[in-house]
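Asks: what's the 3D shape of this:
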Amino acid sequence: MPESATTWESDVGKIEQAHHSSPIWDDRPRYELKNTKVGSGLVSISTYRNDSEWVAYAIERLNRIFQLPENWDSYGASPVTQGALEQALKLYLKLTENREMNELPQIAPTVDGGVALLWHHDERGLEVEIEGALQVHGYYYDDIDNSEWSEDVNIEWKVLHGYLDRVYA
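Replies: Numbering: from 1, shown residues only. Reported below is the predicted structural model:
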C-alpha cells in the first residue's frame, strides 16, 4: 500500500504515482493502473514505466486486436484470449520500463489466439509470442553477425531483457 499517491487521468484511465517507502536500492516511483479495461476484463498493474504514450499505445492496440473475430485472417485464426492479452501487457511493461527507445514495438495477434510483441531495429530483432497466461516464446535474430536464438521462456523473462538490449545495441 502506498504511503501517499498522486493521481491523474490519461487516455487509458486513472494512473496513480505511488510513493512507497522503498529499499535504498530501489527509490524509483511506481505507477499504478487501476481497473483499466483490457479485452473483456479490468486489470490493475504496477510499473516503473511513466510514459503515458507507451502505456496508452499498448492498451489501445491490445483492445483493438481483442475485437478481431474468429477466422480474422480468413485461414481459421483463433480470436485472442484474455489470458494472452493480460500477460502481453504485463510483459510489455516489464520489458520497456527503464528503457529509452525511440520506437514503439509492434503488437500483433497470432493465429493461435495469442499476442506477439515485435521489436526490430536496423538488422536485429526480438519477437515474443504470448500464447496464454504462462506460455511465452522468444525469438532473436542478428543479421549483422548471423546469429539467432529461439526458446520457450515461460515466466523466465530476464533472458528477454538481454536480447532486447542487443536489438538496440
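Asks: Please count neighbours and contacts with C-alpha atoms only from this point.
Replies: Will do.
Asks: Please enumerate the helices of this structure.
Replies: Using DSSP state H, the helices of the chain run over 52-66, 82-96, 158-167.
Asks: With mean pLDDT and mean neighbour count added, can I get the ones you listed in CSV?
Replies: Shown next, in CSV, are those (pLDDT from 0 to 100; neighbours: other Cα atoms under 10 Å):
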stretch, mean pLDDT, mean neighbour count
helix 52-66, 88, 18
helix 82-96, 89, 21
helix 158-167, 84, 15
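Asks: who's the nearest residue to E127 once chain neighbours are set aside bridged to?
Replies: Excluding the flanking residues, the one nearest E127 by Cα to Cα, 6 or more residues apart in numbering is L118, at 4.6 Å. For L118, the beta-bridge partners are Q106, E127 (DSSP bridges).
Asks: what sits against L118?
Replies: Going by Cα atoms under 8 Å, 6 or more residues apart in numbering, L118 touches 105-107, 125-128.
Asks: let's see 6 Å
Replies: 105-106, 126-127 (Cα atoms under 6 Å, 6 or more residues apart in numbering).
Asks: I'd like the distance from N71 to L117, if you could.
Replies: 21 Å (Cα to Cα, to the nearest Å).
Asks: Return the set of buried residues in the longest strand along the chain.
Replies: Ranked by residue count and defined by DSSP state E, the top strand of the chain is strand 30-38. Residues 30-34, 36-38 are the ones in strand 30-38 that count as buried (16 or more other Cα atoms under 10 Å).
Asks: swap in stretch 105-117?
Replies: Residues of stretch 105-117 classed as buried: 105, 107-111, 113-117 (neighbour count, 16+ other Cα under 10 Å).
Asks: quick one: average confidence on it?
Replies: The average pLDDT for stretch 105-117 rounds to 95.
Asks: can you dump the C-alpha coordinates of that stretch into PDB?
Replies: C-alpha atoms of stretch 105-117 as PDB (Å, rounded to 0.1, in the frame of the first residue of the first chain):
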ATOM      1  CA  PRO A 105       7.200  -2.100 -30.700                       C
ATOM      2  CA  GLN A 106       4.600  -3.700 -32.900                       C
ATOM      3  CA  ILE A 107       1.800  -5.500 -31.100                       C
ATOM      4  CA  ALA A 108       0.000  -8.100 -33.200                       C
ATOM      5  CA  PRO A 109      -2.300 -11.000 -32.900                       C
ATOM      6  CA  THR A 110      -1.100 -14.600 -33.600                       C
ATOM      7  CA  VAL A 111      -3.200 -17.100 -35.400                       C
ATOM      8  CA  ASP A 112      -3.300 -19.300 -32.300                       C
ATOM      9  CA  GLY A 113      -5.100 -16.800 -30.100                       C
ATOM     10  CA  GLY A 114      -2.000 -15.200 -28.700                       C
ATOM     11  CA  VAL A 115      -0.200 -11.800 -28.900                       C
ATOM     12  CA  ALA A 116       3.100 -11.000 -30.500                       C
ATOM     13  CA  LEU A 117       5.400  -8.200 -29.300                       C
END
